[in-house]
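1. Give the three-dimensional model of this entry:
(one chain, ligands or ions: 1)
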Amino acid sequence: MKKYISILFVFINISAFPQVSLQNLRCEMLVNPLGINVTLPRLSWEIQSTQRNTNQIACQIIVASTKENIGKNIGDLWSSGKMNSNQSIHIIYAGKALQSRTTCFWKVKVFTNNGESAWSDAAFFSIGLLNKNDWQAKWIGYDKASVWDSISQFSRLSARCFRKEFQTIAAIKKATVYVVGLGLYELFINGNKVGNNVLVPSPTDYRKTVLYNTYDITAMLHSGSNAVATVLSNGRFFTMRQNYKPAKITTFGYPKMLLQLEIEYTDGTQKIITSDESWKLNVDGPLRSANEYDGEEYDATKELTGWNNVSYNDNKWIQAELVNAPDGTVRSQMNEPMKVKQIIKPVSIKQIADSKYILDMGQNFSGWLQIKASGKAGEKIRLRFAESLQKNGSLYTANLRDAKATDVYTLKGNGIEVWHPCFVYHGFRYVEISNYQGTPSLSNFEGQVVFDDLSTIGTLQTSDTVVNKIIKNAWWGIASNYKGMPIDCPQRNERQPWLGDRTTGSFGESFVFDNAKLYAKWLDDIEESQTAEGAIPDVAPAFWNYYTDNVTWPGTYIFVANMLYQQFGDKQSVVKHYTSMKNWMLYMQSRFMKNGILTKDKYGDWCVPPESLQLIHAKDSALNTNGALIATAYYYQLLQFMKKFAKLSDQTDDIILFETAAQKIKTAFNEKFFNTQFNYYGNNTITANLLPLYFGIALEKDRVAVFSNIYKKIEQSNFHISTGVIGTQWLLRTLSNFNRTDVAYKLASNKTYPGWGYMTENGATTIWELWNGNTANPQMNSQNHVMLLGDLLIWLYENVGGIKSDEKEIAFKKIIMKPEMIAGLDSATATHYSLYGNIYSSWKKEKNIFNWNISIPANTTAQVEFSTSDINSIYENGKVINNQSDIKIISAEKDKTVLLIGSGTYHFKCKILNRK
Ligand code: BGC
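-> Residues are numbered from 1 along each chain as shown. So this is what the prediction gives:
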C-alpha cells in the first residue's frame, strides 16, 4: 500500500530546542492553502518531542501580512500572546478581519511540561475572493452544439478552447489566477499546464454552488507577452447522459467559464486580466467528445499547435460569447482536487483477434490509460475498458449497462505519439486495444490512477494473508470512488454519490484516508440538496432527483457529521449543519412517524446474500429485515447524535426534545418488534437483532439473550455473513462487544461464500457491490463498490490494530488501545496519522508472550489495555510497570489491566492468558 503522508505537509524542523519542536502546520487542514473561503481559519500543528509524556500547556501564534513581518516575528494581523491552552488542533484565528486576497504568514510556539519550543518555521495561507464584487470577470462560453456534436443520450460535444494574450509592463511581485471552468477545465500559461490537478473543479449542484480553484502563477509569467488559455469540457455540467429517465438532471447547460488573472507588480500597481468577449474561441480542435460514461475521443490530426502559447495566429478563431452565469454561488474549492496519484504498469497483453489485444493492468482501479503509439495519420486506436473478462478472454461489459467506456485516439502520424484522456475516467482492470499500428507491447501503456489528492494516513498489516488482501482491496475500492464526492462505482452508467453507501463506511475510510475536507464538502452538497420542507435525497449532489424519504440513506448526513467530529475534531461542520440536520429529523418525524415507529423505508437491508447465486436481492422474506424496524432503529441512533450535536451547537434546549423522542421510540420499538418469548427482534434476522443491541434500544435484561440469537444464526450459516449493507455496519463490533471477537475474525477472514475473503479468492482486487458478485445478474453488479465494507475497517483498526479515538476526547486526543487476543492471529501492525501526529501499534504473539510496541504523538494520551489482571507479568522496556513514573495503572481486575500513558514510544511485553 502506498503512503503519501509526509510529502504533503509543510515540514518544519527545529534543531535549537531538541526536546520540543513543531511540524506540519496546517490551516483548515488544507493541503493547498491558496484561496481559502473562510475569514476565521482554523490552525493546527504537530508537536514533536524526544521526551515521553509531553503535553502542551500554552501556545502563542503570530500571523503577519508580509514575509518581512513574520521574519521579524511581528504579528501585524494577529499576535495571540501566550494562551494557556492544551489545544493544538483547530485553533480559530482571532486577529484582524481578513479580506479577500490577503496572504497570511504564520508561526507558532508551544510551551509544554517538558520545555518550550522555538518559533516554528513560517507557513502561509491566502484568502480567496470572498465577495461577489471581487469578480470583475464575465462568464464566457458557446451556448450551442456544432454540426459534429450530438445532443442525445450518448451526448457528444467537442471541447471549447479559449485563449487570450496580454502584456506585463513591470517586474511581477505576484500573479494569481482564480478560475471556474464548467464542467471541467485545463488551464495553461504560456503553453504550460498550470498545476497538476485533473478533472477540476469538483462536481456540485451547479444551481447552488460552483467552485473556483486558485493558482499562484508568478513563476510562469514572462516579462512582455504572455498567453492564458483554457480547454473546457462537459464534466457533470453538460451531461445529456441520463435524459431518458425523468428523475435525472439532464444538463445544467453548455460549458462555460469565469477567469480572473491578477498581477501585482513590485511597484505596487496592479493589472487584472478577466474572461470577457475579447477572448478567442475555437470549438473545432482535437477533443471531439468527452463524456464521463462513454469515454473521450481525441483526433490528433486536428491539434492546434501552439494555441495555448504566445504568437499564435488566432485570426480564424471566433470571438468568445458572453453567457449567463450559472445560478450557483461562486465559492473556493476547499476539498482536495483530483490528481494522478499513482502509475500502474500492465501485467500482460494477449492478442484475441486480428488487431485486437487485451491488456491486463493487474488491478481494478479508476483513472485512465496512457498510450504510446505511432502510425499513419488518421488511423484510429480504440480503447475499451472493463473490469473483467469473459471465459473466451474478451471483455465482460454487461455490468457497465449502457456506458460505452471507450476512448478513441486518432494518430497525427509524425513519430511517437503519447496520449491519455483528460476529461473522463474509467473504472477498469482490462483494456481492449483495437487497431494499434504494429504489435503493442507492455511498455506502450501505463495506467494512471486518478482520485482526490488525499493522503493515505493509515496502514494495517496482520499475520493473516486473506485479511491483508481484503485491506488492500478496500484501499483500492475507496480510492477508486473518491471523485470530488464519494460515488458508488466508477465504471457503469451510474457513478452517483449515493448517501447510504457511506453511512458507516465513511468512518472506516477515515482511518485510511485523510478524507476530512472531502466529507466536509459532501455535507455542503447534502445540505444544498435539502428541500424547503426538509427532505434530503438518497443522492447528493442531487444529479438524480431521488427524494424517497427513507431514513437510512439520507441519515448519512448526520452519520458523516459525527465521523468528522469524532475522527477529525471538526466541530464547525456539526455546528454549520445543525439546523438543516434538525430540520430533516423533524420533517421525518412529523410525516412518517406513527406512535413512535418510523414507517418509511426503501432499501431494507440492501444486498443481503440472496437465496440464489444469480439474484441481486433476496426474495425470501426470511432473509429480509422489516423496513420499519430498520428505519426506527436508525432514527433512534440519529437522535443520540443530535443530542450531542445540540450541545456542541449551544442549542441545549433541543436536547430534551431529542431525548423525549428517543424514549418514546425505544418503548414503541421494543413493544412492536421484540419477541418476548424467544428474545429476538422482527423476524430474527441478524440485522434485526444487531440494530437494537448496537444502538442501545434493547433493554439491559434482554441483551445477552438477543445476542445469543445472533450467535445461533451465525453458527447456522457456518460462520458466514448473512447481512447486507445495513447489518454489516454493526456486525463485527457487536460481536466484539459481546466478547466474540473470535467469531468476528472468522467472518472477516472466511474464504468461502459469502464474505470479503470469498471476493479475494475469486480474483477481486477491489470490493464488490454484491456478496455474489461473480455470479449475479449484471444489471447491478459492480466490481468496485465500497458499501459492503460495513464496519470491517473500523473493527480492524480499533479491535485488531488497537487504535481507537476516545469518544469524549475526540480526534485521537485520547487513544484507546485495546487489541483483542484472537486465536490464530499472531500479529498486527497498525498506524494512523492523526491530526496530532502518527499513532503506532504493533503487536506480536511469541509463544506465550505478547510483545506490543506503541508510539503516540505529543499532546495525546493513551488508555492501554492488556488481557491479564496480573500487573507483575507486564513489562515495559524490560522493567515491571509497577514502578514506572510514566505509566499510570488505572485498574487491574477480571483478566484486564488498564494503563494510562503519555506521549512517546513504549515496548510492552506480557504473558498471554489462554482465552478464545
Ligand atoms: C447503487 C448503490 C445505491 C443503490 C440504492 C445502486 O444502484 O449502486 O450503491 O446505494 O443503488 O438504490
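
2. contact partners of stretch 230-237?
-> 141, 155, 157, 159-163, 179, 181-188, 199, 203, 206, 251-253, 255-257, 259, 285, 287, 290-292, 326, 422-423, 541, 543 (C-beta atoms under 8 Å, 6 or more residues apart in numbering). Yep, even glycine has a C-beta here, placed from its N, CA and C like the rest.

3. Isn't residue 529 up against residue 540?
-> Yes: the criterion here is C-beta atoms under 8 Å, and residue 529 meets it with residue 540 at 4.1 Å.

4. Next to the ligand, which bits of this structure? Give me the list.
-> 488-489, 494, 498, 500-501, 603, 780, 785, 787 (C-beta under 6 Å from any ligand atom).

5. Out of these, which two are the most distant from each other?
-> Pairwise distances across the residues of the chain next to the ligand (C-beta to C-beta) peak at 16.1 Å, for the pair 489 and 603.

6. So for the two, which sits in the more crowded spot?
-> Between residue 489 and residue 603, counted using other C-beta atoms under 10 Å, the more crowded position is residue 489 (28 against 20).

7. Run the chain-centre distance for the helix or strand of the chain with the lowest mean pLDDT.
-> When the helices and strands of the chain are scored by mean pLDDT, DSSP states H and E, strand 20-27 comes last with a mean of 90. For strand 20-27, the separation from the chain centroid amounts to 24 Å (computed by C-alpha atoms, centre = their mean, to the nearest Å).

8. Could you do stretch 818-832 as well?
-> That offset, for stretch 818-832, works out to 26 Å (C-alpha atoms, centre = their mean).

9. Just the C-alpha atoms of that stretch, please, in CSV.
-> Only the C-alpha atoms of stretch 818-832 are listed here, as CSV (Å, rounded to 0.1, in the frame of the first residue of the first chain):
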residue,chain,number,x,y,z
LYS,A,818,-7.1,-2.4,23.1
PRO,A,819,-6.2,-5.0,20.5
GLU,A,820,-8.1,-8.2,21.1
MET,A,821,-6.5,-11.5,21.5
ILE,A,822,-7.6,-13.7,18.7
ALA,A,823,-6.7,-17.4,18.3
GLY,A,824,-5.0,-17.9,15.0
LEU,A,825,-4.0,-14.3,14.5
ASP,A,826,-0.4,-13.8,15.6
SER,A,827,0.5,-10.3,14.8
ALA,A,828,-0.8,-6.9,13.6
THR,A,829,0.8,-3.6,12.9
ALA,A,830,-1.5,-0.5,12.6
THR,A,831,-0.6,3.1,12.0
HIS,A,832,-2.9,6.1,11.9
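
10. Give me the buried positions along that stretch.
-> 818-822, 825, 828-832 (16 or more other C-beta atoms under 10 Å).

11. What are the structural domain limits within the chain?
-> Per the record, the chain has its domains at 4-126, 135-335, 340-452, 458-801, 804-911, by automatic domain parsing.

12. any chance you could map the strands in the stretch 651-800 of the chain?
-> Along the stretch 651-800 of the chain, the segments classed as strands by DSSP state E, counting those that start in this stretch run 674-675, 680-681.

13. sorry, back to before: ranking the domains of the chain by burial, who's on top?
-> domain 458-801 (a mean of 21; mean count of other C-beta atoms under 10 Å).

14. what residue lies at the spatial centre of this structure?
-> By C-alpha atoms, centre = their mean, the chain has its centre lying nearest to residue 515, at 4.2 Å.
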